[in-house]
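> fold the following and give me the result.
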Amino acid sequence: MLVMTGTGTGVGKTISTAAIAALAAGQGQRVAVLKPAQTGVAPDEPGDLDDVRRLAGSITTRELRRYPDPLSPEAAARMSGLPTLGPSEIAGAASDLNGEHDLTLIEGAGGLLVRFDADGATLADVAWSLGALVIIVAEAGLGTLNATALTAEVATRRGLTVAGVIIGSWPDDPDLAAVSNLRDLPVAAGAPLLGVLPAGLGTAGREEFTERARAGLSPWFGGVFDPECFAGSSSAQK
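Numbers count the residues shown, from 1 in each chain. Down below sits the predicted model:
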């Protein structure tokens, strides 16, 4: 079981989740993706799980709450008057899915400490209750080291294990900070760099998406990504 968290919003968390799911499904694994709280999306609009299904293919997905306002789950629930979501409900749903699947991915909303309810429950509480490994999805450029280090430190202090970090959106024209961060992000996270996914990957068709996911993710996920080779490649340096 993997908990997917970001260093913020818009860092490529959904695409990273879909990429891991696609490789696992391609290996014949039964895969489930749980999105506890979807915010900023109306009831009849496509959400993150629609993107995951479109990119990863035939996998199980489950969404527990949907709130129309683009806020934290707690604030969005308060604004809409809809029920909040507690860690026990999330953990129960994740455990049920995990009992019937080989791999269960839990995609959070924003960062590790974004609140689900007025009691301050967070994705960190969910990960701890499940004993799940944490994957940090980070940005490529300036400022990402601090955000990644803070996320990793909080996770470690709460008794969680950070399995690694993924750069969720590698720019077509990386700057000096992005290239330097390829070596510095594992230090900030205290865990290996497990993947670098190209910007715009979410627009690819399923076959191309799976190919590029394999190239961009570590063998730990079934890919062929090698951080040392990538750091010295033209893709990283241009």
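
> lowest-confidence helix or strand of this structure?
For the chain, using mean pLDDT, DSSP states H and E, the weakest element among its helices and strands is helix 234-237, scoring a mean of 59.

> helices of the chain, start to end?
Under the criterion DSSP state H, the chain contains helices at 13-26, 48-56, 73-80, 87-100, 123-130, 144-157, 176-189, 206-216, 227-231, 234-237.

> can I get stretch 222-229 as PDB, trimmed to CA atoms?
Taking only C-alpha atoms (Å, rounded to 0.1, in the frame of the first residue of the first chain), the coordinates of stretch 222-229 have been written out as PDB:
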ATOM      1  CA  GLY A 222       8.500  -1.800 -12.700                       C
ATOM      2  CA  GLY A 223      10.200   0.900 -14.700                       C
ATOM      3  CA  VAL A 224      13.700   1.500 -16.000                       C
ATOM      4  CA  PHE A 225      14.600   4.900 -14.600                       C
ATOM      5  CA  ASP A 226      18.100   5.300 -13.300                       C
ATOM      6  CA  PRO A 227      18.700   8.700 -11.500                       C
ATOM      7  CA  GLU A 228      22.400   8.700 -12.200                       C
ATOM      8  CA  CYS A 229      22.000   8.100 -15.900                       C
END
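
> flag every buried residue along that stretch.
Residues of stretch 222-229 classed as buried by neighbour count (16 or more other C-beta atoms under 10 Å): 222-223, 225, 227. To be clear about C-beta, it is placed using only N, CA and C from the backbone, and glycine gets the same treatment.

> with stretch 48-67 instead?
Of the residues in stretch 48-67, those buried under the neighbour-count criterion (16+ other C-beta under 10 Å) are 48-49, 52-53, 55-57, 59, 61, 63-67.

> do stretch 93-107 as well
Buried, per 16+ other C-beta under 10 Å, within stretch 93-107: 93-94, 97-98, 101, 103-107.

> and it, end to end?
For stretch 93-107, the first-to-last residue distance is 13 Å (C-alpha to C-alpha, to the nearest Å).

> any chance of the helices of the chain in CSV, plus distance to residue 195?
Supplementary listing: the helices of the chain in CSV, determined by distance: least, C-beta to C-beta, whole Å:
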stretch, distance to residue 195
helix 13-26, 7
helix 48-56, 15
helix 73-80, 26
helix 87-100, 22
helix 123-130, 19
helix 144-157, 14
helix 176-189, 11
helix 206-216, 5
helix 227-231, 9
helix 234-237, 13
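
> out of the ones you listed, nearest to residue 5?
Each of these was scored for nearness to residue 5 using C-beta to C-beta, and the closest is helix 123-130 (5.7 Å).

> name the helices or strands packed onto the closest one?
Applying 3 or more C-beta pairs under 8 Å, 6 or more residues apart in numbering; DSSP states H and E, we find helix 123-130 packed against strand 2-6, helix 87-100, strand 103-107, helix 144-157.

> direction included, what does the first one pair against?
Using DSSP bridges, the neighbouring strands of strand 2-6 in the sheet come out as strand 103-107 (parallel), strand 133-138 (parallel).

> that concludes my questions; thank you for your assistance.
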